[in-house]
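[1] Need the 3D shape of this:
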Amino acid sequence: MLAIADPQPKTEAHFERLSTEIIPVLKSRCALAAAEATPQAALILGDIVWDSPQLMAGVKRLFGELGIAVYPVIGNHDHDLTVNDDDASAANYRRHFGPTYYAFDLGRTHYIVLDDIVYHGKKRYDEQLDSLQLDWASRYARLLPQGSRVCIAMHAPVYKAWIDHTMESIEPLLAAFAGFELHFITGHTHINSNYELRDGVTEHNVAQLCGNLWHDPMNADGTPKGYQLFREEGDSFAWQYQRLDEPAQRQLKVWLPGQTAANPDRLVVKAWNWDSYWTVVWYEDGCYKGSMQRTRMADPDYTARLDSLRGAGVKLARPQAARPAVFYFTARPSAGTREVTVVATDRFGRRYTEQVRLR
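    Numbers count the residues shown, from 1 in each chain. As a prediction, this is how the structure comes out:
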């Protein structure tokens, strides 16, 4: 399952870039899986367009070219901003993409798509689930075998770590699916995270497919353009962030001492799909040095890009601001070190290695 967040074209230029820069990459990835006879599908996690209803038909056509089943989620920018009623503001979306909440299965996993945007018109909305959907989902839960794996796809996230806030209306849903292996797959924030909300409940908040709102080649937290890829094999269920411009084995970015202003004497590593089950360790000239120190910081490359644009007199858009994230790691190499090796191991035991020379 490809979990794709916020393609969000607003203009014809954005649409053209989606068509020429992104869809061909996704098509080639889907073709590889098809050649291996692997069943596959995609979730588009809302903001399929950016307050541009005239682009809906074209975007639907582009994603239809993937040659796989595509399951849409409604986002705040998919509502008609001129309509003040929540249900009526989704009418155009329904004409193009169908219902705003529904369920389907892929393999042994049960997927539920919900609409957690209560729209009030003119870009005003609440991020909540209404009682109608909560009742429907609760009745659906009673039809599923206890202990099943359930993925709930919505646009806005359940948990916002940067303000330590959990969506209030989520509690009845959590109660209905108690005893299930539950995953929330969300978008909206344009940053990437995997948080365990409680035992057996994980949220995957997926970074934006097109970078930071088409302005920059990465998301504001430093996550590369890409999508979250979920794989089911028998009873196992694993996920991995797939960037558009690199193979899946590239999950790290390394800066040498002297390359980052905030940590001039330290090695800095970014592991954008990190969660609390990962380990990130380092070696000096083959000698094991232990765990690197996790730190919250802004992406050095993104910060440098914004500084360069400002220096060139470019007026930045309001969303163009670096978002600090917690998936950065630092270590101070000893004097005379020639080579450093960083090894990150994710929760599934997959190892990602980067080796850099200091001198």
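
[2] Report the backbone C-alpha coordinates of stretch 334-354 in CSV.
    Taking C-alpha atoms only, stretch 334-354 is exported to CSV below (Å, rounded to 0.1, in the frame of the first residue of the first chain):
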residue,chain,number,x,y,z
SER,A,334,37.7,12.5,18.1
ALA,A,335,40.7,14.5,16.7
GLY,A,336,42.5,12.6,14.0
THR,A,337,39.5,10.4,13.0
ARG,A,338,39.7,9.5,9.4
GLU,A,339,36.4,7.7,8.7
VAL,A,340,33.0,7.6,10.4
THR,A,341,30.3,4.9,9.8
VAL,A,342,26.7,5.4,10.9
VAL,A,343,24.4,2.4,11.2
ALA,A,344,20.7,2.9,11.8
THR,A,345,18.5,-0.1,12.4
ASP,A,346,14.7,0.2,12.2
ARG,A,347,12.1,-1.6,14.2
PHE,A,348,12.0,-4.4,11.6
GLY,A,349,15.7,-5.1,11.8
ARG,A,350,16.6,-3.4,8.5
ARG,A,351,20.0,-1.8,8.6
TYR,A,352,20.9,1.4,6.8
THR,A,353,24.6,2.4,6.6
GLU,A,354,26.4,5.6,5.6
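
[3] Buried residues in that stretch, which are they?
    337, 340-344, 346, 352, 354 (16 or more other Cβ atoms under 10 Å). C-beta here means a position set from N, CA and C on the backbone, and glycine is covered the same way.

[4] just checking, which of these belong to strands?
    Among the buried residues of stretch 334-354, DSSP state E puts 340-344, 352, 354 in strands.

[5] and the end-to-end length of stretch 39-51?
    Stretch 39-51 has an end-to-end distance of 33 Å (Cα to Cα, to the nearest Å).

[6] And stretch 46-56, by the same measure?
    From the first residue to the last, stretch 46-56 extends over 12 Å; the measure is Cα to Cα.

[7] tell me how far that stretch is from the chain's mean position?
    For stretch 46-56, the separation from the chain centroid amounts to 19 Å (computed by Cα atoms, centre = their mean, to the nearest Å).

[8] And for stretch 64-82?
    On Cα atoms, centre = their mean, the centre of stretch 64-82 falls 16 Å from the chain's centre.

[9] Spatially, and excluding backbone neighbours, which residue is closest to the spatially most central residue of the chain.
    Using Cα atoms, centre = their mean, the residue of the chain that lies closest to the mean C-alpha position is residue 206, 1.1 Å off. Leaving aside its sequence neighbours, residue 206 sits nearest to residue 5 (Cβ to Cβ, 6 or more residues apart in numbering; 3.9 Å).

[10] who's the one you found bridged to?
    For residue 5, the beta-bridge partners under DSSP bridges are residue 208.

[11] mind listing the strands in the stretch 101-250 of the chain by residue range?
    Counting by DSSP state E, counting those that start in this stretch, the stretch 101-250 of the chain has strands at residues 102-106, 109-113, 117-121, 124-127, 149-153, 159-160, 165-166, 181-186, 193-198, 201-205, 226-233, 236-243.

[12] Beyond the strand or helix carrying residue 301, next helix or strand please.
    Using DSSP states H and E, residue 301 falls within helix 300-311. Later in the chain than helix 300-311, the nearest helix or strand by DSSP H and E is strand 325-331.

[13] Cool, thanks, talk later.
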